[in-house]
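Novice: The following comprises the amino acid sequence and a computationally predicted model.
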Amino acid sequence: MSLHVAAIDQGTTSTRCIVFDEHGAVVAVDQRELTQHFPRPGWVEHDAGEIWRDALAVTTGAIAKAGLTAKDVAAIGITNQRETAVLWDRRTGEPVHRAIVWQDTRTDAIIAELAADGGQDRFRAASGLPLATYFAGPKIRWILDEVPGLRARAEAGEICAGTVDSWLIFKLTGRHITDVTNASRTMLMNLSTLDWDEELLAAVGVPRAVLPEIRPSVEIYGQAGGELAGIPVAGALGDQQAALFGQTCYAPGEGKNTYGTGSFLLLNTGETPVASKAGLVTTVAYRIGDEAPVYALEGSIAITGALVQWLRDNLGIIDSADEIEALASTVDDTGDCYVVPAFSGLYAPHWRSDARGVICGLTRYITKAHIARAVLEATCWQTREVAEAMRADSGVELTELRVDGGMTVNSLLMRTQADILGVPVVRPAVPETTALGAAYAAGLAVGLWPDLDTLRSHWRADVTWRPEHDRDADYVKWRKAVERSMGWVD
């Protein structure tokens, strides 16, 4: 058997492929930036055709960079931005509308309509999710409602709908399937049955005929064609579940935080879903073949790395994202300035779609360096809010936080995170844990690795940041700033 696995990591801002060897080490990487479309305020779209073309290009590119051919790759795994909705023609395989991205808020009227009968938690018992514009099901309905004639075609079985994993699997293998972790982000799947829920489908307004078959996260879905002909497509996980899997958090009580466009803190809760009373999401962590599913509590933060992009692209305070650490390091604190990046409302643990971003505490003393430092601290404060909610729901005290994602290269951010949480923050030796999780799933499915213990033996710490300063007093001010962001949208 070949000793290499390719992982397609289709994210919000880029698509990349990483080839890993049998030890879970990176062999080659190829990546392309993804075009962002903002047709109206609050609307965020992607071209699904571009996503597919990029996925194919970076996969063939990474395999070539590794000095391999398709026959040298044991399997392809997929990880993806989760709540983004894609609809396409079943016969031609062409998209019928731009993909609506997870950050998009255009479904706020649909959410308000659904919440009028039962409130924000109307579907939480069945789906594990609060009513929010974040999730994919209402986005699918919006496209079906807005594109003339599309709903009739969908009910006739001519249209496919799903999250990005299902789009890529369809383009690779011709099969319309999704994995259970991505299905759990649609607001249409029942957490107990792991199948589409007829009551949820009827209430949200999505016909079952458009939806993919739900399969385990670790399974051979089919064989790729074209330039990748013969490679098994053998594993799929939503990006945050993939990071949990790549961080080898396989036991209840183990968790991780991923710092990307947004940030996502997940805690493994075992084979029983834990209903949240503190504003978290109950989700499927992974399912290996016919084994019992494993569940997680998740705190989803919409804007973290995207706030640094905003500082660069919208305000022009920095020219590149990596400049923020040096700028923020020129001051010792934020000067009592706080940035709450509620650009798409507040996600966990507040779930307030009426919130919008604010900068609080401005005085003439504040410089661009203070604002840069406040931008970094916003990520840390939001993570603390989620960690406290997780402790309230699970009763488990956080003793360390495993971290991954692009922002973890910022030592000032990670050091500040340790202070604000009051626990060590640990970055693994292989920081590409999202792609690694997808590779692990695919490799397990084809027998490259025999079990989870083998995967766990690969994990190594790279850097540990330990808390040095008590930030509890500042947390009180952060909470005041969050309150100021609420109620902006009527």
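Specialist: Arrived safely, thanks for sending.
Novice: Counting neighbours, what do you get for Asp89?
Specialist: Asp89: 13 surrounding residues under other C-beta atoms under 10 Å. (Glycine included, C-beta is placed from N, CA and C.)
Novice: Look at the nearest residue to it once chain neighbours are set aside and say how many residues are nearby.
Specialist: Counting by C-beta to C-beta, 6 or more residues apart in numbering, the nearest residue to Asp89 once its immediate chain neighbours are dropped is Val96, at 5.9 Å. Neighbouring residues of Val96 were enumerated by other C-beta under 10 Å; the total is 20.
Novice: quick one: Val96 from Ile140, how far?
Specialist: Counting by C-beta to C-beta, to the nearest Å, the separation of Val96 from Ile140 is 11 Å.
Novice: The residue nearest to Asp89 is in contact with Arg151, isn't it?
Specialist: No: checked against C-beta atoms under 8 Å, the pair Val96 and Arg151 is beyond contact range at 11.4 Å.
Novice: Tell me where the longest helix sits in this structure.
Specialist: Ranked by residue count and defined by DSSP state H, the top helix of the chain is helix 368-394.
Novice: same question for it, mean pLDDT?
Specialist: Here helix 368-394 scores 95 as its mean pLDDT.
Novice: for the nearest residue to Ala342 once chain neighbours are set aside, helix, strand, or coil?
Specialist: In space, Ala342 comes closest to Ala355 once its chain neighbours are excluded; the distance is 3.9 Å by C-beta to C-beta, 6+ apart. Here Ala355 takes the coil state, with states given by DSSP: H, G, I helix; E, B strand; the rest coil.
Novice: Tell me if Gly137 really is in a helix.
Specialist: Yes: judged by three-state DSSP, Gly137 forms part of a helix.
Novice: residues contacting it?
Specialist: When the contact criterion is C-beta atoms under 8 Å, 6 or more residues apart in numbering, the partners of Gly137 are Thr186, Met187, Leu188, Leu200, Val204, Val206.
Novice: Relative to Leu455, how far out is Leu436?
Specialist: Taken as C-beta to C-beta, the spacing of Leu436 relative to Leu455 amounts to 9 Å.
Novice: who touches both of the two?
Specialist: Both Leu436 and Leu455 are in contact with Gly24, where contact means C-beta under 8 Å, 6+ apart.
Novice: Which of the two has more residues huddled nearby?
Specialist: Ranked by neighbour count (other C-beta under 10 Å), Leu436 and Leu455 place Leu436 first, with 32 against 22.
Novice: What sits closest to the more buried one if chain neighbours are left out?
Specialist: When the adjacent residues along the chain are set aside, Leu436 lies closest to Gly246, with 3.6 Å between them (C-beta to C-beta, 6+ apart).
Novice: what's the domain layout of the protein?
Specialist: Segmentation of the chain into domains, based on the TED database, reads 4-215, 248-489.
Novice: and of these, who's closest to Gly238?
Specialist: Across the domains of the chain, Gly238 has its closest neighbour in domain 4-215 (3.9 Å, C-beta to C-beta).
Novice: What's the end-to-end length of the closest one?
Specialist: 24 Å (C-alpha to C-alpha, to the nearest Å).
Novice: that older thread, against which helices or strands is the longest helix of the chain packed?
Specialist: Contacts of helix 368-394 with other secondary structure elements, assessed using 3 or more C-beta pairs under 8 Å, 6 or more residues apart in numbering; DSSP states H and E, are made with strand 255-259, strand 263-270, strand 294-301, helix 305-313, helix 324-328, strand 338-340, helix 411-421, helix 472-485.
Novice: residues of it that come out buried?
Specialist: Of the residues in helix 368-394, those scored as buried under the neighbour-count criterion (16 or more other C-beta atoms under 10 Å) are 368-390, 393-394.
Novice: what's the most far-flung residue of the chain relative to its centre sitting at in phi/psi?
Specialist: Relative to the centre of the chain, the most outlying C-alpha is that of Arg364, 37.8 Å out, by C-alpha atoms, centre = their mean. The phi and psi values for Arg364, taken as degrees, to the nearest 10, are phi -70, psi -10.
Novice: Low-confidence bits of the chain, can you list those?
Specialist: Low-confidence segments of the chain, defined by pLDDT under 70, span residues 1.
Novice: follow-up on the earlier one: Gln241 is nearest to which of the domains of the chain?
Specialist: Of all those, domain 4-215 comes closest under C-beta to C-beta, at 4.2 Å.
Novice: Now do that closest one: distance to the chain's middle.
Specialist: For domain 4-215, the separation from the chain centroid amounts to 11 Å (computed by C-alpha atoms, centre = their mean, to the nearest Å).
Novice: Break down the stretch 101-250 of the chain into its helices, ranges please.
Specialist: Taking DSSP state H, counting those that start in this stretch as the criterion, the stretch 101-250 of the chain contains helices spanning 108-115, 124-127, 136-146, 150-155, 164-173, 180-183, 198-204, 239-246.
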